[in-house]
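Trainee: The following block contains a protein sequence and its predicted model.
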There are 4 protein chains.
Amino acid sequence: MHEQKPIDPNYTTRVRASFARQEVMKTIGASLVELSPGTAVIEFSHDRSLTQQHGYIHAGVVTTVVDSACGYAAYTLMPENSEVLTIEYKVNFMAPAKGDCYRGIGKVLRSGRTITVCSGEVIALEDGREKVVASMLATMIALVR
Amino acid sequence: MHEQKPIDPNYTTRVRASFARQEVMKTIGASLVELSPGTAVIEFSHDRSLTQQHGYIHAGVVTTVVDSACGYAAYTLMPENSEVLTIEYKVNFMAPAKGDCYRGIGKVLRSGRTITVCSGEVIALEDGREKVVASMLATMIALVR
Amino acid sequence: MHEQKPIDPNYTTRVRASFARQEVMKTIGASLVELSPGTAVIEFSHDRSLTQQHGYIHAGVVTTVVDSACGYAAYTLMPENSEVLTIEYKVNFMAPAKGDCYRGIGKVLRSGRTITVCSGEVIALEDGREKVVASMLATMIALVR
Amino acid sequence: MHEQKPIDPNYTTRVRASFARQEVMKTIGASLVELSPGTAVIEFSHDRSLTQQHGYIHAGVVTTVVDSACGYAAYTLMPENSEVLTIEYKVNFMAPAKGDCYRGIGKVLRSGRTITVCSGEVIALEDGREKVVASMLATMIALVR
């Protein structure tokens, strides 16, 4: 794992303010539950309004949450006067997203001045058991104002 | 482009019934507007409840719609007694998803007995102009009951 | 497809010089057979030294050629004092790479100042018939000296 | 990480025989140096014949080796009468492939009856130091004869 030193000491405030502006997180009912340099964790509960045809959480909703987790993991290490944007990602779905709640974990694999590479994972929690339902590999870009 | 002969003559009914069960499509306000063998098109309007921190549609919502478009494009060519699931996808985001409405287009590149490869695209429509905002390459699997 | 105006009128010389420095292209026996703004085509013949366990061309060799095709397609649109590097790519393998020769085609989907998104395809040619064996979606970066 | 019980007790012989048939591994000078249930490691030395325009190992060669590492990691867990094929992969390049030698590591994240998901990594070794140069997320398929 990449060395993780935030260059903005106030990264927490900056990341949380950006997360709060993501209206879709309210629609999903998702919360940013953990934040440290190079890592972000977002959780949400199962809700019928987020499901696909078999009653599982839609792959795209799983992706939305882990994309934000990866993006904010990257953003912890970016400078104060920057914005983070997703260039691209790839996600593998390893099991149906079936659970009581879900945890999206984003981690920085490598942070550069412009490009940050992250890996992400979504875990379904059901009756106290954990199962990995998705794995992401993502590329983020820092836009400096 | 792959030769596209549906083996289920009633594919339209089957695909539309499955789409109707995707509760998340109602949450997004998305409609299946076109369906032909190997192609599906889904549209939705801009809504603040779907946005990221800059007021654009969140990458994950863009992904949700084009994933369903690709999945249902694949599903048009699958047999009657099958289910379609997303194995994985990769998406590149080429411009901010900023528009009045959005069109997700899924097309089958290659359909096999088990694996179907699709390409997808999301277009933002604003003041009569069209802009490609995302490009997807996806792998779907047919689960035969 | 993106508007394709090269900003370097001598892009052909620049791209061909870079291709000539790729020693691995000699190892594969690959030639840059076409070059135009936003497009590059590379061909190579079947050779046992490039095969995987079933005698087909190894997925990684298919990737090597279409990566260079995408990279040089991107490089046609970059400025004179730039270098092109691959940030990442995703490839789907749609049929065994079995043929007399192979053609890797790279095209720019969107070129920005820093980031260029490309799509690529590899076609196997056998007894006059063509078959798509792989599809790539790639992200390139311009490093300006 | 997924539970890793090989169902074929002779997986080592089977995997090594398949690796020996990959002619491209001889062209690269690559050896299968480690094999255990769900893991494979392949190494090769720097050679000018494998380079891109800046003298680093070409991204496609890096990919070739880690694809085989992932494929054989998956193949350790497949049944005796099976073949392994790559459906697709995505690779992020995190640093130039510049070193004395290189190690491609493939690991199974999830193995199913048909589909196996793997993650891979390529490490450059130079003057005793290690650097991650690439990260892969791959989907393999078991074809049972």
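Mentor: Yep, it's here. Residues are numbered from 1 along each chain as shown, chains lettered A, B, ... in the order given.

Trainee: Counting by contacts, list what the helix or strand where A:Ile105 lies packs against.
Mentor: Using DSSP states H and E, A:Ile105 sits in strand A:101-111. With contacts taken as 3 or more Cβ pairs under 8 Å, 6 or more residues apart in numbering or on different chains; DSSP states H and E, strand A:101-111 sits against strand A:39-45, helix A:59-75, strand A:115-126, strand A:129-144, strand D:129-144. Every C-beta, even on glycine, is put in place using the N, C-alpha and C of the backbone.

Trainee: which parts of the fourth one are buried?
Mentor: The one in question is strand A:129-144. Under the neighbour-count criterion of 16 or more other Cβ atoms under 10 Å in any protein chain shown, strand A:129-144 has A:131-142 buried.

Trainee: out of those, who's nearest chain D?
Mentor: A:Leu137 (4.6 Å; Cβ to the nearest Cβ).

Trainee: which ones are touching the closest one?
Mentor: Listed by Cβ atoms under 8 Å, 6 or more residues apart in numbering or on different chains, the contact set of A:Leu137 reads A:89-90, A:117-120, C:88, D:90, D:92, D:135, D:137.

Trainee: who does it bridge with?
Mentor: For A:Leu137, the beta-bridge partners under DSSP bridges are A:Lys90, A:Ser119.

Trainee: From B:Cys70, how far out is it?
Mentor: 19 Å (Cβ to Cβ, to the nearest Å).

Trainee: picking that back up, would JSON lines of the buried residues of strand A:129-144 with pLDDT be doable?
Mentor: Output for those, formatted as JSON lines (pLDDT from 0 to 100):
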{"residue": "A:Lys131", "pLDDT": "97"}
{"residue": "A:Val132", "pLDDT": "98"}
{"residue": "A:Val133", "pLDDT": "98"}
{"residue": "A:Ala134", "pLDDT": "98"}
{"residue": "A:Ser135", "pLDDT": "98"}
{"residue": "A:Met136", "pLDDT": "98"}
{"residue": "A:Leu137", "pLDDT": "98"}
{"residue": "A:Ala138", "pLDDT": "98"}
{"residue": "A:Thr139", "pLDDT": "98"}
{"residue": "A:Met140", "pLDDT": "98"}
{"residue": "A:Ile141", "pLDDT": "98"}
{"residue": "A:Ala142", "pLDDT": "97"}
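
Trainee: would you turn those into a markdown table with distance to B:Leu50?
Mentor: Output for the buried residues of strand A:129-144, formatted as a markdown table (distance: Cβ to Cβ, whole Å):
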| residue | distance to B:Leu50 |
| --- | --- |
| A:Lys131 | 28 |
| A:Val132 | 27 |
| A:Val133 | 22 |
| A:Ala134 | 20 |
| A:Ser135 | 25 |
| A:Met136 | 20 |
| A:Leu137 | 24 |
| A:Ala138 | 20 |
| A:Thr139 | 23 |
| A:Met140 | 20 |
| A:Ile141 | 22 |
| A:Ala142 | 24 |
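
Trainee: Show me which of these is closest to A:Phe19.
Mentor: Of all the buried residues of strand A:129-144, A:Met140 has the smallest distance to A:Phe19: 14.7 Å, by Cβ to Cβ.

Trainee: Return the residues of chain A in contact with chain D.
Mentor: On the criterion Cβ under 8 Å from any Cβ of the partner chain, chain D has as its neighbours in chain A the residues A:90, A:92, A:94-95, A:109-110, A:117, A:119, A:132, A:135, A:137, A:139.

Trainee: which of those sit farthest apart?
Mentor: Farthest pair in the residues of chain A next to chain D, by Cβ to Cβ: A:Ala95 and A:Arg110, 27.6 Å.

Trainee: Tell me, please, where in chain A the pLDDT is lower than the cut-off.
Mentor: A:1-3 (pLDDT under 70).

Trainee: And the residue nearest the centre of it?
Mentor: A:Ala69 (1.4 Å; Cα atoms, centre = their mean).

Trainee: ok, and the closest non-adjacent residue to it?
Mentor: Counting by Cβ to Cβ, 6 or more residues apart in numbering or on different chains, A:Ala69 lies nearest to A:Gly106, which is 3.3 Å off, once chain neighbours are set aside.

Trainee: contacting residues for the one you found?
Mentor: Applying Cβ under 8 Å, 6+ apart, the residues contacting A:Gly106 are A:39-42, A:66, A:68-74, A:118-120, A:136, A:138.

Trainee: A:Thr39 too?
Mentor: A:Thr39 neighbours (Cβ under 8 Å, 6+ apart): A:4, A:73, A:76, A:105-108.

Trainee: Quick check: it vs chain C, distance?
Mentor: Distance, A:Thr39 to chain C, by Cβ to the nearest Cβ, to the nearest Å: 21 Å.

Trainee: now A:Leu35
Mentor: According to Cβ to the nearest Cβ, A:Leu35 and chain C sit 26 Å apart.

Trainee: and what of A:Thr13?
Mentor: As for A:Thr13, its distance to chain C is 28 Å (criterion: Cβ to the nearest Cβ).

Trainee: Wasn't that residue part of a strand?
Mentor: No - judged by DSSP: H, G, I helix; E, B strand; the rest coil, A:Thr13 forms no part of a strand; its state is helix.

Trainee: That one: neighbour count?
Mentor: 10 (other Cβ atoms under 10 Å in any protein chain shown).

Trainee: coming back round to it: what residues are up against the residue nearest to the centre of chain A?
Mentor: A:40-42, A:104-106, A:120.

Trainee: try 10 Å
Mentor: When contacts are counted by Cβ atoms under 10 Å, 6 or more residues apart in numbering or on different chains, A:Ala69 is found next to A:30, A:32-35, A:39-43, A:103-107, A:118, A:120-122, A:136, A:138.

Trainee: swap in A:Ile115?
Mentor: Applying Cβ under 10 Å, 6+ apart, the residues near A:Ile115 are A:74, A:87, A:139-142, C:87-88, C:114-115, C:139, C:141, D:92, D:94.

Trainee: Let's have those in TSV, adding distance to A:Thr12.
Mentor: TSV is the format used below for the contacts of A:Ile115 (distance: Cβ to Cβ, whole Å):
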residue	distance to A:Thr12
A:Ala74	15
A:Ile87	24
A:Thr139	24
A:Met140	18
A:Ile141	22
A:Ala142	17
C:Ile87	28
C:Glu88	29
C:Thr114	28
C:Ile115	28
C:Thr139	30
C:Ile141	30
D:Asn92	27
D:Met94	26
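
Trainee: From these, pick the one nearest D:Ser18.
Mentor: Looking across these and measuring by Cβ to Cβ, the closest to D:Ser18 is D:Asn92, at 26.9 Å.

Trainee: and the residue nearest to A:Ala69, how far is that from A:Ala134?
Mentor: On the measure of Cβ to Cβ, A:Gly106 and A:Ala134 end up 12 Å apart.

Trainee: Touching both of the two, which residues are there?
Mentor: Common neighbours of A:Gly106 and A:Ala134 (Cβ under 10 Å, 6+ apart) are A:65-66, A:120-122.

Trainee: For the residue nearest to A:Asn92 when sequence neighbours are not counted, pull up the helix or strand it's in.
Mentor: Nearest residue to A:Asn92 in three dimensions, chain neighbours excluded: B:Glu88, at 4.3 Å (Cβ to Cβ, 6+ apart). For B:Glu88, the element it lies in under DSSP H and E is strand B:82-93.

Trainee: Tell me what angle that strand forms with strand D:115-126.
Mentor: 30 degrees (axes from the mean of the first three to the mean of the last three Cα atoms, to 10 degrees).

Trainee: next one: strand B:82-93 to chain centre, how far?
Mentor: 9 Å (Cα atoms, centre = their mean, to the nearest Å).

Trainee: surely A:Val122 meets A:Lys98?
Mentor: No - here A:Val122 does not reach A:Lys98: they are 11.9 Å apart, not a contact under Cβ atoms under 10 Å.

Trainee: quick one: which of the two has more around it?
Mentor: A:Val122 (30 against 16).

Trainee: Report the contact partners of that one.
Mentor: So A:Val122 contacts A:42, A:57, A:59, A:61-63, A:65-66, A:69, A:91, A:93-95, A:97, A:99, A:102-106, A:131-136 (Cβ under 10 Å, 6+ apart).

Trainee: Please repeat the previous calculation with a cut-off of 6 Å.
Mentor: Listed by Cβ atoms under 6 Å, 6 or more residues apart in numbering or on different chains, the contact partners of A:Val122 are A:62, A:66, A:102, A:104, A:133-134.
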